[in-house]
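>>> coords please:
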Amino acid sequence: MAEITATMVKELREKSGAPMMDCKKALTEANGDLEQAIVVLRKRGMATAAKKATRTTSEGVVTSYIHAGGKIGVLLEVNCESDFVARTTEFQGLVHDIAMHIAAVDPRYVRKEDVTASDMEKERDIYRAQAAATGKPAPVIEKIVEGKMGKFYEEVCLLEQPFIKEQSVTITQLIATVIGKLGENISVRRFARFKVGDATETIAIAKPQAPAEEKAE
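Numbers count the residues shown, from 1 in each chain. Next up, the predicted model:
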């Protein structure tokens, strides 16, 4: 078992932003491997996020982000469970990062469940026609279509996209990491993106989730 030094814990803390004790535990589990410890922290964040996903998020903030010398602007609402968390540095930093990402990448939806039926069918028809032109059998064509739909969701859905500042992490994983740190559910409610000269702006609103009972921790 590798010795976990204070320097190693400090480095992981700086890279991940996780609490010191969590960093020490992750390094111990990863036998001192820094990159593996980051993976451990992310997995814990995703597990925590899954547990808290049914909790109501009625607090939060609306923020604005202006980019490219005033040529692109974003309005974004991100929700959490309490006003206390909404005022924390970690939450504010997350909201800023997501707004910056939206300005740079221009997603059309919050998550894949929000994609309209007409858009899905249009994309499926295009991919099906492309695959059929190769002469492959129908079962293979459908597998190709599903694979391409996964890439489509990644291109147009905010939560499926790789984070602009760290391509190995999706926006969902980025949010989950902060959920793990703050202990509250966090959700993106809606955003609007404006670009000078565009005929229409991009406006995305998450579909409301079915109500669920809060689970005791």
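>>> mind listing the helices for the protein?
Listed in chain order, the helices of the chain (DSSP state H) span 6-16, 20-29, 34-52, 83-86, 89-105, 117-132, 138-156, 171-182.
>>> low-confidence ranges in this protein?
The model of the chain has pLDDT under 70 over residues 1, 17, 46-47, 208-217.
>>> Pop the domain breakdown of it in here.
Per automatic domain parsing, the domain ranges recorded for the chain read 1-52, 56-115+157-217, 116-154.
>>> the residue most distant from the middle of the protein, which is it?
Centroid-distance maximum for the chain: Gly135 at 37.2 Å, with CA atoms, centre = their mean.
>>> Over to that residue: give its phi and psi.
phi 80, psi 10 (degrees, to the nearest 10).
>>> That one and Ile141, how far apart?
The gap separating Gly135 from Ile141 is 10 Å, by CB to CB, to the nearest Å. C-beta coordinates here come from the backbone N, C-alpha and C atoms, glycine included.
>>> Val78 too?
39 Å.
>>> Same check on Glu154?
Glu154 is 21 Å from Ile141, by CB to CB.
>>> Kindly report the same for Ile4.
Distance from Ile4 to Ile141, by CB to CB: 52 Å.
>>> Quick check: Asp97 touching Val169?
No: shown here, Asp97 and Val169 do not form a contact pair, counting by CB atoms under 8 Å, at 10.6 Å.
>>> if we compare the helices of the chain, which one ends up closest to Thr202?
Among the helices of the chain, the nearest to Thr202 by CB to CB is helix 89-105 (8.4 Å).
>>> on contacts alone, who are the packing partners of that closest one?
The contact analysis (3 or more CB pairs under 8 Å, 6 or more residues apart in numbering; DSSP states H and E) places helix 89-105 against strand 59-67, strand 72-80, helix 171-182, strand 187-195.
>>> closest to Arg13 out of the ones you listed?
Per CB to CB, nearest to Arg13 of the helices and strands packed on helix 89-105: helix 171-182, 11.3 Å.
>>> Just list what that closest one packs against, helices and strands only.
For helix 171-182, the packing partners by 3+ CB pairs under 8 Å, 6+ apart come out as helix 34-52, helix 89-105, strand 162-163, strand 187-195.
>>> Quick check: buried residues in that helix?
171-182 (16 or more other CB atoms under 10 Å).
>>> ok so, going back, now do the contacts for the residue farthest from the centre of the chain.
Contact analysis of Gly135 by CB atoms under 8 Å, 6 or more residues apart in numbering lists nothing.
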